[in-house]
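Chemist: Kindly generate the corresponding structure for this input.
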Amino acid sequence: MTEPVAISYVMPVLNEAGYLESAVASIVAQDHPGDFELVLAVGPSTDGTDRIIERLVADDPRIRVVDNPGMDIPIGLNLAIAASRHPVIVRVDAHTELAPGYTSRAVATLERTGAASLGGIMVATGRPGLQAAVARAYNSRYGLGGGAYHGEHATEGPAESAYMGVMRADALREVGGFDETLRRGEDWELNYRLRQAGHVVWLDPKLRVSYWPRDTLTKLRRQFYATGVWRGELVRRLGGRNPLRFFAPPVLLVSIVLSVVLVPILVVGILPPVVAGILSLVFLGPLAYLALLLLAAATTPGSFADRLRLMAVLATMHLSWGGGFLVGLVRGARNSVDRSRTES
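Modeler: Residues are numbered from 1 along each chain as shown. Okay, the predicted model is just below:
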């Protein structure tokens with residue numbers, strides 16, 4: 001009888017006092033029969049996370065720690081992977097919780113498909129108020145631009161990327177692991193290189209991961225701005241090999257800026273009518289987006305306040321991402337980092 005495959009869970013951790021224990025509990029509760037270890041790549045937290053980690057490590061010898069002083073996620077993941085000992089790597093973020101049976105299902109899908117990397121569906125969840133609105137936006141078709149792992153109606157099959165990847169350790173070593181020059185978008189870029197190397201990346205929508213998003217608009221703005229900057233950097237590096245949907249937020253932002261600039265010019269009436277009519281077409285972008293926000297609010301259950309929060313969240317996500325994308329595209333990401341977990 002074949003021995004069950006052993007699993008190495010890897011988790012980058014920084015300022016996760018409110019979520020870490022639930023994330024670890026969801027790993028320990030998995031029913032996969034093989035051995036496992038959990039390697040935490042720990043950054044310099046300031047919220048008491050270190051004390052929680054000390055207690056977790058003391059209570060369970062399967063949990064180990066590697067230091068990640070620079071706080072960068074790709075570096076932390078590579079450190080944790082280098083310290084792991086098993087053939088299947090399961091990435092888990094401290095802001096997530098694995099559904100029951102996740103690991104068993106993932107291992108079976110790896111074996112069935114021959115994939116090098118696979119993932120499932122992100123199911124955002126939030127506490128009442130702003131975080132719930134952010135979760136609703138994540139789960140909505142209006143929120144994150146059509147990535148397959150955000151969709152409730154996704155179908156199983158080959159995929160562009162994998163959310164919280166379940167990966168073969170040998171394939172990771174073959175392509176050199178995560179790109180440590182990136183600060184965001186490291187999972188998409190890794191799966192791009194795996195696909196370029198001839199490996200299969202797979203989506204299994206029966207795999208579910210609960211995700212706790214940012215809980216203030218300030219944190220959300222910082223997160224999405226940084227993500228946009230690094231997506232712009234990836235476009236600089238990879239050019240047209242990025243999906244077209246990534247260009248929608250920056251185009252929207254440019255149309256809004258142009259609309260603001262054109263209003264006084266058109267009101268004064270200094271342009272010929274034909275030119276003014278052509279330039280007025282730029283208003284279609286902001287008007288269409290406003291209609292989209294109103295449609296999202298109208299089709300979402302909840303109170304009037306809930307609907308207003310959803311509109312504010314969607315606008316924050318899209319415009320922050322679009323602004324970051326333009327910055328990253330024009331000048332590159334340089335040393336831009338996501339400070340949404342380190343600054344209040």
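Chemist: Assign a three-state SS to Asp306, would you?
Modeler: helix (DSSP: H, G, I helix; E, B strand; the rest coil).
Chemist: what about it, distance to Thr300?
Modeler: 7 Å (CB to CB, to the nearest Å). (Each C-beta comes from the backbone N, C-alpha and C, glycine too.)
Chemist: Overlap of the contact sets of these two?
Modeler: Residues touching both Asp306 and Thr300 by CB atoms under 8 Å, 6 or more residues apart in numbering: Arg136.
Chemist: which strands and helices sit next to the helix or strand bottoming out on mean pLDDT in the chain?
Modeler: Counting by mean pLDDT, DSSP states H and E, the weakest-scoring helix or strand in the chain turns out to be helix 273-279, with a mean of 89. Applying 3 or more CB pairs under 8 Å, 6 or more residues apart in numbering; DSSP states H and E, one finds that helix 273-279 contacts helix 248-268.
Chemist: Export the helix it packs on to PDB, keeping only CA atoms.
Modeler: Output of helix 248-268 as PDB, limited to C-alpha atoms (Å, rounded to 0.1, in the frame of the first residue of the first chain):
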ATOM      1  CA  ALA A 248      -9.200  48.400 -17.200                       C
ATOM      2  CA  PRO A 249      -8.600  50.200 -13.900                       C
ATOM      3  CA  PRO A 250      -5.800  52.500 -15.300                       C
ATOM      4  CA  VAL A 251      -7.900  53.300 -18.400                       C
ATOM      5  CA  LEU A 252     -10.800  54.200 -16.100                       C
ATOM      6  CA  LEU A 253      -8.600  56.400 -13.900                       C
ATOM      7  CA  VAL A 254      -7.200  58.200 -16.900                       C
ATOM      8  CA  SER A 255     -10.700  58.900 -18.300                       C
ATOM      9  CA  ILE A 256     -11.800  60.300 -14.900                       C
ATOM     10  CA  VAL A 257      -8.800  62.600 -14.800                       C
ATOM     11  CA  LEU A 258      -9.400  63.800 -18.400                       C
ATOM     12  CA  SER A 259     -13.000  64.400 -17.600                       C
ATOM     13  CA  VAL A 260     -12.100  66.600 -14.700                       C
ATOM     14  CA  VAL A 261      -9.700  68.600 -16.900                       C
ATOM     15  CA  LEU A 262     -12.200  68.900 -19.800                       C
ATOM     16  CA  VAL A 263     -15.200  70.200 -17.800                       C
ATOM     17  CA  PRO A 264     -14.000  73.800 -17.400                       C
ATOM     18  CA  ILE A 265     -12.700  73.800 -21.000                       C
ATOM     19  CA  LEU A 266     -16.000  72.700 -22.400                       C
ATOM     20  CA  VAL A 267     -18.000  75.000 -20.200                       C
ATOM     21  CA  VAL A 268     -16.000  78.000 -21.400                       C
END
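Chemist: in the strand ranked longest in the chain, what's buried?
Modeler: Under DSSP state E, the strand in the chain containing the largest number of residues is strand 201-211. Across strand 201-211, burial judged by 16 or more other CB atoms under 10 Å covers 201-205, 207-211.
Chemist: Tell me the one of the residues you listed nearest Leu79?
Modeler: Nearest to Leu79 out of the buried residues of strand 201-211 is Val209 (CB to CB; 22.1 Å).
Chemist: Quick check: the closest one touching Leu98?
Modeler: Yes: the criterion here is CB atoms under 8 Å, and Val209 meets it with Leu98 at 6.0 Å.
Chemist: shared neighbours of these two, anything?
Modeler: Both Val209 and Leu98 are contacted by Val92, under the criterion CB under 8 Å, 6+ apart.
Chemist: So which elements touch the strand or helix carrying Val10?
Modeler: Per DSSP states H and E, Val10 falls inside strand 7-13. If contacts are counted by 3+ CB pairs under 8 Å, 6+ apart, strand 7-13 sits against helix 20-28, strand 36-42, helix 73-83, strand 88-91.
Chemist: just so I know, which of those lies nearest Pro249?
Modeler: Here helix 73-83 is closest among the helices and strands packed on strand 7-13 (CB to CB), at 22.0 Å.
Chemist: list the helices and strands that closest one packs on?
Modeler: Packed next to helix 73-83, using 3+ CB pairs under 8 Å, 6+ apart, are strand 7-13, strand 36-42, strand 63-67, helix 186-196.
Chemist: contacts for it?
Modeler: 8, 10-13, 39-41, 43, 64, 66-68, 89, 91, 169, 172, 177-180, 182-184, 186.
Chemist: Over to stretch 274-289?
Modeler: With CB under 8 Å, 6+ apart as the test, stretch 274-289 has contacts from 251-252, 255-256, 258-259, 262, 266, 269, 271, 318.
Chemist: So what are the sheet partners of the strand holding Val10 and their directions?
Modeler: strand 36-42 (parallel), strand 88-91 (parallel) (DSSP bridges).
Chemist: would a markdown table of these with distance to Ala226, mean pLDDT and mean neighbour count be doable?
Modeler: Shown next, in a markdown table, are the strands paired with strand 7-13 (distance: least, CB to CB, whole Å; pLDDT from 0 to 100; neighbours: other CB atoms under 10 Å):
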| stretch | distance to Ala226 | mean pLDDT | mean neighbour count |
| --- | --- | --- | --- |
| strand 36-42 | 19 | 97 | 23 |
| strand 88-91 | 19 | 98 | 24 |
